[in-house]
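[1] Next input, structure requested:
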Amino acid sequence: MRDSPDLEFLALQEALVGRYSLEREIGRGGMGIVYLARDLQLDRPVALKLLPAAYATQPSFRERFVREARTAARLSQPNIVTIHAVEEAGDFVFFVMAYVEGETLGQRVRSRGPLPAHEVARILREVSWALAYAHAQGVVHRDVKPDNILLESGSGRVLVTDFGIADVIRGATASGEILGTAEYMSPEQAGGKAVDGRSDIYSLGVVGRYMLTGRLPFEGTTAAATLAKQITEVAPPLSSVAPEVPRKLAQVVDRCLAKEPGERFGDGEELAEALGNALQERRDIPVPLRVFVMKNRERFRGLPLWLSLTFGYVASAVTFVVVGEPFAAAGMGFIGWMMGLTPVAMLSSMVRQLLRSGYSREDLLLAFENDLVRRREEMDFERGGRKTWIDGFGRTLLYGGVLSMTVGTVTAFVVDLSTLPGAVFGMVVLLTAGGFVASLGALPVAAMRLRNPLPSTGKGWPKFWKSRLGKWLFKAAGLGLDRVPSASAAYRPTEMAIGMAAERLFEELPGELQKSFLELPSVLRILELDAEKMRARVRALDRLIDDVDREGSLEQKGSAAAAPGVTDRRESLAEDLERARDAARTRLGEVLATLETIRLGLLRMHAGAGNVESMTADLSSAREMSEDIERVLQAGREVEKLLGRD
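    Below is the predicted model:
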């Protein structure tokens with residue numbers, strides 16, 4: 001509210017007495033004024049958008065405003081501001097929507113300047129999801145701009161608001177009437193032509209460029225001049241004005257700004273996927289985690305042999321105790337103890353350094369996973385993706401040699417070798433010496449050929465850090481450390497970032513509330529796995545589609561014609577695969593939305609606005625979704641088996 005309320009404010013408050021209590025004006029635009037108010041019946045803050053009185057008396061404006069409210073009220077998605085009601089009071093027409101505490105994207109950029117690339121990608125991605133949902137409902141926003149994008153305090157959630165000039169997609173949209181904001185308007189919208197969802201994609205591209213540079217691609221002294229530039233001029237490549245922006249993200253924004261709608265992304269889902277791929281550069285393992293993984297791999301490369309020797313010294317100590325040699329037992333035991341303690345001390349030191357950098361055990365597990373995938377891809381490429389007999393031979397040499405050497409060493413301590421027959425004595429010596437030689441011989445073979453040269457470079461370490469012992473080691477290494485703020489987790493997959501945030505919120509709830517839904521952590525993990533599976537399925541289907549397209553291209557280039565019906569079957573297969581991929585993408589979006597719903601429910605509980613019943617219902621829906629996804633994946637596996645037989 002201004003220093004003194006205007007007459008319109010007072011008149012509206014009089015008309016709403018007993019229903020809403022107006023607090024202050026929080027926004028004003030061409031299609032309405034927004035007030036912060038309190039719903040007296042439900043005792044909650046709301047945002048009330050009022051059609052200005054000068055327009056409310058004009059039937060065309062009043063009708064458009066009501067249409068806007070009814071259209072927006074149909075949209076229910078986590079990244080779209082919820083419309084609660086459309087009402088009239090005397091000469092006033094207004095609708096009531098959820099109040100979002102925070103700031104607009106425009107305010108954020110104007111106060112802070114250009115935003116970091118990873119934050120821009122996240123914001124664009126969430127807006128893309130909102131637009132994808134709206135477009136699927138037949139609604140084009142037609143006024144996507146920073147001041148219509150809200151950033152919620154605390155959660156950081158992005159919400160699209162003010163579908164003030166949105167219209168249901170139908171032939172009537174080609175009315176020749178220009179609606180929107182000139183600086184963010186697509187060329188077709190500026191020219192008064194029919195628009196579809198790709199017009200919003202263009203506007204979002206302008207928003208992305210503004211976030212990254214703090215400047216608009218087209219500006220004129222008048223709105224008409226700006227519109228003329230939107231229609232006739234091509235925006236220079238983003239890399240030419242902001243070379244520090246990651247290449248993939250710059251390419252995504254540039255494609256959004258293509259003049260021809262067909263050259264842009266087809267829909268919000270496609271744009272969101274491209275933004276996810278652009279974030280892969282940020283998902284490279286951060287330096288502290290990369291150093292940890294490297295040290296873990298290099299320092300403990302010979303850990304199996306080290307542990308075998310440690311076991312040998314401990315076994316020798318036990319043997320000397322049995323034969324009554326306490327001094328020898330003490331010496332062997334001390335050496336075995338020190339050898340066993342050394343790797344634990346080294347790991348504790350590394351973990352403590354990692355914790356000081358703000359990274360958690362979950363971050364380390366993801367780093368190991370990313371590193372392992374990358375190393376396997378590199379080795380598969382180098383070897384052509386095939387396992388050979390040398391792989392098995394190398395493993396046999398290594399583990400067989402360590403076992404043989406251990407048996408020979410323990411036997412030498414337990415038995416008086418001088419009393420043994422010559423053949424047996426020779427066998428013991430052969431076991432010990434041969435095992436040692438075999439172990440050494442396995443190392444170069446493993447380095448050259450094995451997919452995982454030693455457990456430290458394969459699945460062994462992730463399994464260790466997932467175990468109770470690994471969890472305990474992290475807790476022990478963190479004793480005495482001050483709480484360090486979490487490091488940036490932009491490299492994490494979306495499902496892991498949301499899941500970890502939700503799990504932290506759950507752990508911070510009072511004990512009594514936690515007992516009301518103890519299954520929540522397991523549901524979060526299931527959803528994370530479901531998202532991972534759906535991502536893998538999308539990637540697999542992408543590869544299959546590429547293979548089919550490649551075969552078709554080779555067939556067209558070949559001199560011989562394809563057998564009758566082969567081309568038709570290939571095209572049909574490609575269409576089926578594309579439908580399956582689109583379905584997998586949709587499922588992935590549903591899983592992410594479910595995770596976000598659970599996180600927002602926990603945030604509401606922290607704020608005192610949530611309830612156990614709602615959270616229980618969300619968890620039940622999540623379990624049903626997971627079961628449905630498993631059925632879909634199982635059906636996909638069966639189809640792939642059938643295709644394999646054919």
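[2] What is the host helix or strand of Val127 packed up against?
    Element membership for Val127 (DSSP states H and E) is helix 117-136. On a contact count with 3 or more C-beta pairs under 8 Å, 6 or more residues apart in numbering; DSSP states H and E, helix 117-136 meets strand 149-152, strand 158-160, helix 197-213, helix 247-256, helix 268-278, helix 566-606. Glycine gets a C-beta too; all of them are placed from N, C-alpha and C.
[3] To Pro78, which of the ones you listed lies closest?
    Among the helices and strands packed on helix 117-136, helix 566-606 comes nearest to Pro78, with 5.1 Å by C-beta to C-beta.
[4] Which SSE is immediately downstream of the closest one?
    Counting by DSSP H and E, the next helix or strand C-terminal to helix 566-606 is helix 612-645.
[5] so for the helix or strand containing Tyr35, what's the average pLDDT?
    Per DSSP H and E: Tyr35 is located in strand 32-39. Strand 32-39 shows a mean pLDDT of 84.
[6] CA atoms of that strand as PDB?
    Provided in PDB are the C-alpha atoms of strand 32-39 (Å, rounded to 0.1, in the frame of the first residue of the first chain):
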ATOM      1  CA  GLY A  32      -4.700  -5.400 -13.500                       C
ATOM      2  CA  ILE A  33      -3.600  -4.400 -10.100                       C
ATOM      3  CA  VAL A  34      -2.400  -7.000  -7.500                       C
ATOM      4  CA  TYR A  35      -2.900  -6.600  -3.800                       C
ATOM      5  CA  LEU A  36      -1.700  -8.600  -0.900                       C
ATOM      6  CA  ALA A  37      -4.800  -9.600   1.100                       C
ATOM      7  CA  ARG A  38      -5.900 -12.000   3.800                       C
ATOM      8  CA  ASP A  39      -8.600 -14.600   3.200                       C
END
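[7] nearest to Arg142, of the helices and strands packed on helix 117-136?
    Comparing the helices and strands packed on helix 117-136 by C-beta to C-beta, helix 197-213 comes nearest, at 6.8 Å.
[8] Give the other helices and strands that the closest one contacts.
    helix 105-112, helix 117-136, strand 139-140, helix 187-190, helix 238-241, helix 247-256, helix 268-278.
[9] Need the contact partners of the strand holding Tyr35.
    With contacts defined as C-beta atoms under 8 Å, 6 or more residues apart in numbering, strand 32-39 is touched by 8-9, 12, 16, 19-28, 44-52, 65, 84, 94, 96, 99, 164.
[10] please redo it, this time with the cut-off set to 7 Å
    The contact list for strand 32-39, computed with C-beta atoms under 7 Å, 6 or more residues apart in numbering, reads 20-27, 45-52, 99, 164.
[11] Before we go further, Leu48 is sitting in a strand, right?
    Yes - when DSSP: H, G, I helix; E, B strand; the rest coil is applied, Leu48 is found to be in a strand.
[12] how about it, what does it touch?
    20, 35, 37, 94, 96.
[13] which of these has the most neighbours?
    Counting neighbours by other C-beta atoms under 10 Å, Phe94 comes out on top of the contacts of Leu48 with 26 neighbours.
[14] about what we covered before: would CSV of the helices and strands packed on helix 117-136 with distance to Phe474 and mean neighbour count be doable?
    Below are those laid out as CSV (distance: least, C-beta to C-beta, whole Å; neighbours: other C-beta atoms under 10 Å):
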stretch, distance to Phe474, mean neighbour count
strand 149-152, 32, 20
strand 158-160, 33, 23
helix 197-213, 37, 25
helix 247-256, 34, 20
helix 268-278, 29, 21
helix 566-606, 24, 18
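[15] which stretch in those is the model least sure about?
    Mean pLDDT values for the helices and strands packed on helix 117-136 show the minimum at helix 566-606, a mean of 81.
[16] What count of nearby residues applies to the closest residue to Glu101 other than its chain neighbours?
    Once flanking residues are discounted, Glu101 sits nearest to Ser153: 5.1 Å by C-beta to C-beta, 6 or more residues apart in numbering. Ser153: 11 surrounding residues under other C-beta under 10 Å.
[17] any idea of the pLDDT on Ser153?
    Reported pLDDT for Ser153: 79.
[18] first to last residue in stretch 69-77, what's the distance?
    Stretch 69-77 stretches 16 Å from its first residue to its last (C-alpha to C-alpha, to the nearest Å).
[19] gap between it and the chain center?
    Distance of stretch 69-77 from its chain centroid, counting by C-alpha atoms, centre = their mean, to the nearest Å, is 27 Å.
[20] partners of the strand holding Tyr35 in the sheet?
    Strand pairing for strand 32-39, using DSSP bridges, gives strand 20-29 (antiparallel), strand 44-50 (antiparallel).
[21] Out of the helices and strands packed on helix 117-136, which gets nearest to Glu183?
    Closest among the helices and strands packed on helix 117-136, using C-beta to C-beta: helix 197-213, at 6.9 Å.
[22] could you give the angle of the closest one to helix 117-136?
    Helix 197-213 and helix 117-136 are oriented at 160 degrees to each other (axes from the mean of the first three to the mean of the last three C-alpha atoms, to 10 degrees).
[23] For the protein, name the helix or strand with the lowest mean pLDDT.
    Ranked by mean pLDDT, DSSP states H and E, the weakest helix or strand in the chain is strand 167-168, scoring a mean of 41.
[24] for the stretch 501-646 of the chain, what are the low-confidence residue spans?
    By pLDDT under 70, the low-scoring segments of the stretch 501-646 of the chain are 550-567, 636-637, 639-646.
[25] same thing but at 50, please
    Counting by pLDDT under 50, the stretch 501-646 of the chain has low-confidence residues at 559-560, 645-646.
[26] Before I go, just wanted to say thanks for your time.
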